[in-house]
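Asker: With the sequence up front, the predicted model follows.
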Amino acid sequence: MNQTVKMPPSPVKSNDNMEWSQNGDSNKWSLNDPLKTLDPEMYNLIREEKDRQRKGLEMIASENFTTAAVMDCLGSCLHNKYSEGQPGNRYYGGAEVIDKIELLAQDRARKAFKLESTEWAVNVQPYSGSPANFAVYTGLIGPQGRIMGLDLPDGGHLTHGFYTPKKKISATSIFFESMPYKVDPSTGLIDYDELAKNSMLFRPQIIVAGVSCYSRDLDYARFRQIADNCGALLMADMAHVAGLVAAGVSPSPFPYCDVVTSTVHKTLRGPRAGIIFCRRGLKCVDNKTGKDVLYDYEDRINNAVFPGLQGGPHNHQIAAIAVAMQEAAKPAFRTYQETVVTNAQALCENLKDLGYKIVTDGTDNHIVLVDLRNIKLSGSKAERILEDVGISVNKNTVPGDKSAMNPSGIRFGTPPLTTRNVKPVHIPKIVDFIHQAWTLALEVQSLSGPKLVSWKKELETNLTIVGKVSALKGQIEAFAQQFPLPGHEDI
């Protein structure tokens, strides 16, 4: 018996390009509606944050303002594509353009740091700096492998193995064995002699030459000597100074290290992403056999990134890395980084002139660490009062501190201000704002007593204090808005 199959009516395009009629109903296809129309609540929140950035002074050392070109990549169609694997060896089809983008990012990364492709492999897939570090440990030393990194209270990073006497804080201290090295508490400088001594006892498999809050250049040659003596690999985490290294303003770790990791969003002024460089090619010639010995880091690290720790790479981030690395190779980028450092040094000198104590008595890079113990103001109070008047910073430990949650210092960084075209001539005015805020914090403390809870209550309820905070914030907002903010105008 013959059966008639009824097919649904074909969509009929209406006069309006955004309207389609089917079965007599009209449905709006809204997938290209802008955020402002589709979700005004979120749009307004992002606008609020944009306004905060424009009116404030961002002085957090690990932040920066990226470019409109990087933002374009991050909001592009590359977000849609899955591409697990390496270029030329993907687990998904349709990746031929993605391969070109990733290879371009790798090539530009090498060019930015003046590296040869025969000597250095690059992985641009880590989602950020912390996973990049974890991938290196996973690939090269495995579970319970031994790490030595700068202790967090002394200026190191969580991912360099931080733990306390009562708790393992970072995953690197949970899955790997770690022993920190320290700074000399009297100078704030890394105690290389003590590191050399302890490394022979602990016998780490990796020594990490890297910082999160340390204002002096690292002695990579000394690190290399120490690593060779105890039989360790040397890894540099240059996340904070990568832009300075690319510009030739800070020493390069590449001549001395086996592996170099970094974020891309700090001094490199790129997207929030991570990157791993590792040596490839000829390592040495075996004295006994006369055969070439090759580095074997590349495949081990690549496999740790994927499939070991991650799924598909974020292709919009990878394209943005390529854009940032191209910028980092330009002469103008060197000028920018030179200004970052001169701004930081001007910040140091102006703070010292007002009696503030600077850890290590100065800076070689973009970081300025202020020890507030001599004025008897905690880092938490110093951070909060600056936040209230429109200056973003972070409280930070200083040498001798016992608690990272109740530290005695404030960490400043100059990359975001420098991106906005702040020059050394503007720094005295900014320091004056900081000084006024901290003087106000001490005034509040004289009324409330030392306890933080009482201090916050006085800050928030004393109408005279509230008025002073508001007046200073108004001055800072008027000052900040004279400087351009990169990115798109609305969001």
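Answerer: Structure received. Numbers count the residues shown, from 1 in each chain.

Asker: Least confident secondary structure element in this protein?
Answerer: Here the helix or strand of the chain ranked lowest by mean pLDDT, DSSP states H and E is strand 19-22, holding a mean of 42.

Asker: how far is the helix or strand harbouring residue 194 from where the chain is centred?
Answerer: If you go by DSSP states H and E, residue 194 is part of helix 192-202. The chain centroid and the centroid of helix 192-202 are separated by 29 Å under C-alpha atoms, centre = their mean, to the nearest Å.

Asker: now do stretch 376-390
Answerer: The answer for stretch 376-390 is 22 Å, by C-alpha atoms, centre = their mean.

Asker: and if you look at stretch 395-410?
Answerer: Mean-position distance between stretch 395-410 and its chain equals 20 Å (C-alpha atoms, centre = their mean).

Asker: now swap in stretch 482-491 and tell me
Answerer: Averaging C-alpha positions (C-alpha atoms, centre = their mean) puts stretch 482-491 21 Å from its chain's average.

Asker: Poorly predicted segments of the stretch 251-400 of the chain, please.
Answerer: For the stretch 251-400 of the chain, applying pLDDT under 70 flags no range at all.

Asker: quick revisit: show me which positions of the next helix or strand after the helix holding residue 194 end up buried.
Answerer: Once helix 192-202 ends, the next helix or strand along the chain (criterion: DSSP H and E) is strand 206-210. By 16 or more other C-beta atoms under 10 Å, the buried positions in strand 206-210 come out as 206-210. Any C-beta I mention is one placed from the backbone N, CA and C, and that applies to glycine too.

Asker: Could you do stretch 117-133 as well?
Answerer: Neighbour-count burial for stretch 117-133, counted by 16+ other C-beta under 10 Å, picks out 120-133.

Asker: for the stretch 101-250 of the chain, what spans make up the strands?
Answerer: For the stretch 101-250 of the chain, strands defined by DSSP state E, counting those that start in this stretch occupy the ranges 120-123, 146-148, 177-178, 206-210, 233-237.

Asker: With mean pLDDT and distance to residue 96 added, can I get the ones you listed in CSV?
Answerer: Listed next are the strands of the stretch 101-250 of the chain as CSV, based on pLDDT from 0 to 100; distance: least, C-beta to C-beta, whole Å:
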stretch, mean pLDDT, distance to residue 96
strand 120-123, 98, 20
strand 146-148, 98, 39
strand 177-178, 96, 42
strand 206-210, 98, 36
strand 233-237, 98, 34
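
Asker: among those, which is nearest residue 315?
Answerer: Nearest to residue 315 among the strands of the stretch 101-250 of the chain is strand 120-123; the distance by C-beta to C-beta comes to 14.1 Å.

Asker: contacts for the closest one?
Answerer: Residues from elsewhere that reach strand 120-123, judged by C-beta atoms under 8 Å, 6 or more residues apart in numbering: 105-106, 109-110, 132, 135, 254, 275-280, 297-298, 301-302, 305.

Asker: switch the cut-off to 7 Å
Answerer: Here strand 120-123 makes contact (C-beta atoms under 7 Å, 6 or more residues apart in numbering) with 106, 109-110, 275-280, 298, 301-302, 305.

Asker: what do you get for stretch 159-173?
Answerer: 130, 133-134, 137, 147, 149-150, 152, 156, 158, 174, 176, 178, 180, 208, 210.

Asker: Give me the packing partners of the helix holding residue 194, helices and strands only.
Answerer: Using 3 or more C-beta pairs under 7 Å, 6 or more residues apart in numbering; DSSP states H and E, the elements in contact with helix 192-202 are strand 146-148, helix 220-230.

Asker: Which of the ones you listed has the highest mean neighbour count?
Answerer: Most buried of those, by mean neighbour count (mean count of other C-beta atoms under 10 Å): strand 146-148, with a mean of 24.

Asker: Which strands border it, and is each parallel or antiparallel?
Answerer: Here strand 146-148 has these sheet partners by DSSP bridges: strand 177-178 (parallel), strand 206-210 (parallel).

Asker: Any chance of JSON lines for those strands, columns distance to residue 402?
Answerer: As requested, the strands paired with strand 146-148 are arranged in JSON lines below (distance: least, C-beta to C-beta, whole Å):
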{"stretch": "strand 177-178", "distance to residue 402": "19"}
{"stretch": "strand 206-210", "distance to residue 402": "23"}
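
Asker: Which of these sits closest to residue 64?
Answerer: Shortest distance between residue 64 and those, using C-beta to C-beta, is found for strand 206-210: 18.2 Å.
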